[in-house]
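Visitor: Attaching a predicted model along with its sequence, questions to come.
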Amino acid sequence: MVLYFLSNVVSPPALIYMGEDKYENEELLKWGFPEDVWFHVDKMSSAHVYLRRPQNMSMEEIPEDLIADCAQLVKANSIVGCKTNNITVVYTEFENLKKTQKMDVGQVGFRDDKKVLTVKVEKRLSEVVNRLNKTKEEKKPNLQEEREERDRQDRAERRKRDGEMRQQEKEEIERKKKEAEQRSYSAIMQEDMMKTNAFAEDVDYRSVEDDFM
């Protein structure tokens, strides 16, 4: 079972989700999206909370209010953390998570500790937790299918962008080619005009007039 929440501190509302237990967390670790952000109470047992971050949003661009919502939710779902003030919540990109065969169920490590960020949570804010819980939905999704569909759409979007880029490059080449041809044509015309003027300067118009008299 996966629990889904919506945070309305941003528009459109952001999707937050977490596994019901440590076994569900294992599935989330397998099939999370690359853009997801993982939250956990530091040095305490807690739920694994994920934020479905928009693909065009960097980690630095995540609004503080949205981070605070995720931190409050993960604190509320920690047996010890929910009763403790001034805790630290760690968060990082999904792709920075590392799972090895030697790790216990639900346990996870990091590929790069430098990419792990922290946020301090002074105390539980019931109004925030209650607001999020009002949006809670329990579902049994096919996580593998969702990830594969996401990847298919991502590949299709990349192919579309690549095609548009190739078309733009082709149009740019054609434009430069036409400009070069135009410059070449203008140069030829200018050279012809210079030759015509030079010929005109060599003509003795009086002699020409005499020929007709």
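Guide: Thanks, I have the structure now.

Visitor: Any stretches of the protein with poor pLDDT?
Guide: 191-213 (pLDDT under 70).

Visitor: ok, now with 80
Guide: Scanning the chain for pLDDT under 80 picks out the ranges 106, 181, 183-213.

Visitor: Quick one: the strands in it, in order.
Guide: Secondary structure of the chain (DSSP state E): strands at 2-7, 14-19, 36-41, 49-52, 87-93, 97-98, 109-110, 117-121, 137-139.

Visitor: Got the domain ranges for the protein?
Guide: Here the domain parsing of the chain from automatic domain parsing is 2-141, 162-208.

Visitor: For Arg152, find the nearest of those.
Guide: Closest to Arg152 of those, according to C-beta to C-beta: domain 2-141, at 12.8 Å. (Glycine included, C-beta is placed from N, CA and C.)

Visitor: now that closest one: how far from the chain's centre is it?
Guide: How far domain 2-141 lies from its chain's middle: 18 Å, per C-alpha atoms, centre = their mean, to the nearest Å.

Visitor: Between the two ends of that domain, what distance do you get?
Guide: 7 Å (C-alpha to C-alpha, to the nearest Å).

Visitor: re the thing from before, how about the domains of the chain in CSV, adding mean neighbour count and distance to Glu149?
Guide: Converted to CSV, those look like this (neighbours: other C-beta atoms under 10 Å; distance: least, C-beta to C-beta, whole Å):
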stretch, mean neighbour count, distance to Glu149
domain 2-141, 16, 11
domain 162-208, 10, 20
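
Visitor: Turn those into JSON lines, including distance to Arg150.
Guide: JSON lines is the format used below for the domains of the chain (distance: least, C-beta to C-beta, whole Å):
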{"stretch": "domain 2-141", "distance to Arg150": "6"}
{"stretch": "domain 162-208", "distance to Arg150": "19"}
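
Visitor: Which one of those domains lies nearest to Gln153?
Guide: When the domains of the chain are compared for distance to Gln153 using C-beta to C-beta, the nearest one is domain 2-141, at 10.3 Å.

Visitor: Any chance you could list what contacts stretch 24-39?
Guide: Residues outside stretch 24-39 that contact it (C-beta atoms under 8 Å, 6 or more residues apart in numbering) are 1-2, 17-19, 47-55, 57, 59, 62, 70-71, 73-74, 89-95, 97, 99, 105-106, 108, 143-144, 146-147, 150.

Visitor: my guess is Tyr91 meets Asp69, correct?
Guide: No. Contact criterion C-beta atoms under 8 Å: Tyr91 and Asp69 do not qualify, at 11.9 Å.

Visitor: how close does Ile67 get to Val10?
Guide: Ile67 is 11 Å from Val10, where distance means C-beta to C-beta, to the nearest Å.

Visitor: And the domains of the chain: which comes nearest Asp154?
Guide: domain 2-141 (8.0 Å).

Visitor: What separation do you get for Leu143 and Val116?
Guide: From Leu143 across to Val116, the span is 24 Å (C-beta to C-beta).

Visitor: Done for today, thanks.
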